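Student: Here is a sequence with its predicted model. Questions after.
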Amino acid sequence: MINSPVIKVIIPAFNEADSIGLVINDLPDIVTEVIVISNNSTDDTVKNATASGATVLEEPRRGYGFACLKGLRYIADSKAKPDIVVFVDGDYSDYPEQLTDIIKPIINDNIDLVIGARDKRLRETGSMTGPQIFGNWLATSLMSLFFSSRFTDLGPFRAIKYEKLLALHMEDQTYGWTVEMQLKALKKNYSYVEVPVKYRNRIGVSKVSGTLKGAIFAGVKILTWIFKYGLKK
């Protein structure tokens, strides 16, 4: 059991001015620091995140992975290292207050990685597009085939021990960040569980699933990572 853990939250955000404050304000008080990475935003994302008390970084290179890597470099340079790092999106599709559920297996059961699985029974109608649902099914099915994994989702709301995250040497700069983390955790035999989480329609339009180009690029990147690791076996 981890007593009084230091918890830092990383929130990549591209033009999430209308939602970022809601995400930050709904996070539980047990969070030590909220780190928002503005991924070349052109709206008031930076202003609103700062006003809500977050540490705000700017990453001009567009890409989910670029933003997450920026957050990790900031943490590496900080004096106070976290015990747990939590990732959550800035669009308010997740329920940030469920962070307590996400970190519980790490604190109580010494689990390395926890994925917030967007349970069908808990999802708001329309909150996940057809391509998202199919892509998750295909990706997790292939991971089961290659690695006998039990993952059912690539949900972005997740928590991981900081030391374990460092050992993964994350590198994806765009859409493959989530699946890279899960694949590398499998290769390293990390302990992991999924926690069912609620999911609602995001505020604003998705930059990935909301466009054909984004959906295609994300699918290609995810499958590339899976086959890269699967064929190494």
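Tutor: Thanks, I have the structure now.
Student: going forward, measure contacts between C-alpha atoms and count neighbours the same way
Tutor: Will do.
Student: what residue ranges in the chain score low on pLDDT?
Tutor: 1, 206-218, 230-233 (pLDDT under 70).
Student: That one: helices as residue ranges?
Tutor: 20-26, 45-51, 64-77, 99-109, 130-147, 162-168, 177-187, 212-230 (DSSP state H).
Student: Quick one: work out the angle between the fifth one and helix 177-187.
Tutor: Using axes from the mean of the first three to the mean of the last three Cα atoms, to 10 degrees, the interaxial angle of helix 130-147 with respect to helix 177-187 works out to 20 degrees.
Student: ok, and for helix 130-147, which residues are buried?
Tutor: 132, 135, 136, 137, 138, 139, 140, 141, 142, 143, 146, 147 (16 or more other Cα atoms under 10 Å).
Student: of the residues you listed, closest to residue 229?
Tutor: Distance to residue 229, by Cα to Cα, is smallest for residue 146 among the buried residues of helix 130-147, at 8.6 Å.
Student: Next, work out how far apart that closest one and residue 186 are.
Tutor: As defined by Cα to Cα, to the nearest Å, residue 146 lies at a distance of 10 Å from residue 186.
Student: same question, residue 12
Tutor: 24 Å.
Student: can you check residue 203 too?
Tutor: 33 Å.
Student: that older thread, which one of residue 12 and residue 186 has more residues nearby?
Tutor: A direct count of neighbours by other Cα atoms under 10 Å for residue 12 and residue 186 places residue 12 higher, at 29 against 17.
Student: and the residue most central in space within the chain, what does it touch?
Tutor: Of all residues in the chain, the one closest to the mean position by Cα atoms, centre = their mean is residue 156, 3.1 Å from it. Residue 156 is in contact with 87, 88, 89, 115, 116, 178, counting by Cα atoms under 8 Å, 6 or more residues apart in numbering.
Student: Going by distance to residue 228, which of those wins?
Tutor: Nearest member of these to residue 228, counting by Cα to Cα, is residue 178, at 14.9 Å.
Student: residue contacts, that closest one?
Tutor: 154, 155, 156 are the contacts of residue 178 under Cα under 8 Å, 6+ apart.
Student: What distance do you get for it to residue 30?
Tutor: From residue 178 to residue 30 the distance is 24 Å (Cα to Cα).
Student: How about residue 135?
Tutor: Taking Cα to Cα, one finds residue 135 at 34 Å from residue 30.
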